[in-house]
Each structure stands twice: as C-alpha cells, then as structure tokens.
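J.: what's the 3D shape of this:
(chains A and B)
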Amino acid sequence: DSGVTQTPKHLITATGQRVTLRCSPRSGDLSVYWYQQSLDQGLQFLIQYYNGEERAKGNILERFSAQQFPDLHSELNLSSLELGDSALYFCASSVAASGRDTQYFGPGTRLTVL
Amino acid sequence: QQQVKQSPQSLIVQKGGISIINCAYENTAFDYFPWYQQFPGKGPALLIAIRPDVSEKKEGRFTISFNKSAKQFSLHIMDSQPGDSATYFCAAVADFGNEKLTFGTGTRLTIIP
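T.: Here you go, the predicted structure:
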C-alpha cells in the first residue's frame, strides 16, 4: 500500500458527460501528479501540482482540468468525455517538487466511457 | 513523439533465468533514470534508479546498466522468479525546466516455472 488513495475505483459514464476523480496524497507529500494509462499510449503525464500551485503540465487536454486544495488532496475533472478518454487514471505523490523525488502511485481509477 | 523507447514489448523467461529490458533516449538533458514495476490492478512502484555518472547500479537481483555515450540503459533481473511477473517501465527526467517523468511504453514480463 503506497499511502495514496484514489476514488472512485471504477467509473462508467457516457460520452459528453463530466466526471471528477479524487486523489489523497501520502501524509506529508506536497506534490500530486496525474497520469493517464492506456493500452496504446502507455503512461502519459498530465499535470503536477505542488502545495496548491500548478507546477508542470504535460499532455493534458483542454477538456481536462485539475486542482489541489489546501488540505493537499487533488481532483481531476474530465469533461465532454469521448470514447478515447477511457483509460486508467493514476495519481501519484511525492514529498517535494523535483522529478527525482520518488513518486508513490495510487491504485488508479478505471474510467470507461460508453 | 516517444522520447524514451523501450523494448521488448513482452518477454517470457524461465524461472532462474536472466530477464533483460532495454531503453534508449534522445534527449541529452535527461539525467535521472528510474525503473517502475507495476503488478496487475496496482499502480506503478519505484524499483531502482540511476544517474548517468555511474555505469551500473545493483539492488539485490535487480541491476541497471547505463551507457551514456549510446544513450541506452537496461534493467537486468537475475535469477528471475514467478513473483517478478509484472509490467516494467523505464523512465527519464531532465535536469532543468519541466522535471516530469517521461515513461517508456512498458514491458510485460512473464516468468514461467
């Protein structure tokens, strides 16, 4: 158990809908990262927050947005969902902001868009 | 554009054998190379990592070999065990700017008895 929690574990929704994925980092970790894992694209970095502020951005679509709250939990919002958004979404946390800090991954949220 | 190329995509090794997974990169700004292990239904977990100032790092049965001039690095699993069956991802981090992890495409390793 990495200490990172993600909810929900599974999510099934329809095209055009909006969903929110939630992540609670390990106690003491200030950075939260979001990744998308699909069969054909592997693990893709989406976005990083550090202590409430956006720190780095990856291949995140404009339909997706995230935020980190004062209690350091984070939410990833996916809107106008398309079939191709079906994937595993992982949250990871680390103690600081450097890419060299060990990232601890949560169990993931499996999103299925029908 | 895949900045870290990983091979093979899948690998079957007999118990007790050596598993070898290779990665190559182009970006010379990469200066930290971790390997992550992912079991089915779980998130990836850091296995071992190396910086380019050393050519090899060993932790138990796991060894990273690094060739800076060739821009290649590899993971060797000695005395492979069925419990090592998992997907392995190499990754790289640049030394400045956007310090995000860039992952390889993954290798599904199966150890057969």
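J.: could you say which helix or strand contains the closest residue to B:G17 other than its chain neighbours?
T.: The spatially closest residue to B:G17, leaving aside those adjacent along the chain, is B:S80, at 5.3 Å (CB to CB, 6 or more residues apart in numbering or on different chains). No exception for glycine: its C-beta is placed from N, CA and C like everyone else's. Take DSSP states H and E as the rule and B:S80 turns out to sit in neither a helix nor a strand.
J.: and what of the one 10 residues further on?
T.: Secondary-structure assignment from DSSP H and E places B:C90 in strand B:86-94.
J.: now A:L78: how far from A:Y89?
T.: According to CB to CB, to the nearest Å, A:L78 stands 8 Å off from A:Y89.
J.: please enumerate the shared neighbours of those two.
T.: Contact criterion CB atoms under 8 Å, 6 or more residues apart in numbering or on different chains; residues shared by A:L78 and A:Y89: A:21, A:111.
J.: got the residues of chain B near chain A?
T.: With the criterion set to CB under 8 Å from any CB of the partner chain, chain B comes near chain A through B:32, B:34, B:41-46, B:89, B:93-94, B:98-106.
J.: up against chain B, what does chain A have?
T.: By CB under 8 Å from any CB, the residues of chain A that approach chain B are A:2, A:4, A:33, A:42-45, A:48, A:56-58, A:90, A:92, A:97-100, A:102-108.
J.: point out where chain B drops to low pLDDT.
T.: B:1-2, B:95-99 (pLDDT under 70).
J.: partner residues bridging the most centrally placed residue in it?
T.: Per CA atoms, centre = their mean, the C-alpha nearest to the average position across chain B is that of B:C90, at 3.6 Å. The bridge-partner assignment for B:C90, based on DSSP bridges, gives B:W35.
J.: wait, is A:G84 part of a helix?
T.: Yes: assignment of A:G84 by DSSP: H, G, I helix; E, B strand; the rest coil places it within a helix.
J.: what count of nearby residues applies to it?
T.: A count of neighbours around A:G84, defined by other CB atoms under 10 Å in any protein chain shown, yields 12.
J.: what pLDDT does it get?
T.: Note on A:G84: pLDDT of 94.
J.: quick check: bridge partners of A:E75?
T.: In this entry, A:E75 is beta-bridged to A:R22, A:Q67, by DSSP bridges.
J.: my read is that it contacts A:S24, right?
T.: No: counting by CB atoms under 8 Å, no contact exists between A:E75 and A:S24, whose distance comes to 10.4 Å.
J.: circling back: give the contact list for the residue nearest to the centre of chain B.
T.: The contact partners of B:C90, taken as CB under 8 Å, 6+ apart, are B:4, B:6, B:21, B:23, B:33-35, B:73, B:75, B:103-104.
J.: got it, and A:V113?
T.: Residues touching A:V113, when contacts are defined by CB under 8 Å, 6+ apart, comprise A:13-15, A:17, A:81-86.
J.: try 7 Å
T.: A:13, A:15, A:81-83, A:85-86 (CB atoms under 7 Å, 6 or more residues apart in numbering or on different chains).
J.: over to A:S27?
T.: Applying CB under 7 Å, 6+ apart to A:S27 gives the contacts A:G3.
J.: quick one: A:L43 and A:Y35 touch, right?
T.: Yes: contact between A:L43 and A:Y35 holds when scored by CB atoms under 7 Å: they sit 5.3 Å apart.
J.: between these two, which is the more surrounded one?
T.: A:Y35 (27 against 24).
J.: now the more buried one: closest residue in space, sequence neighbours ignored.
T.: A:F90 (4.5 Å).
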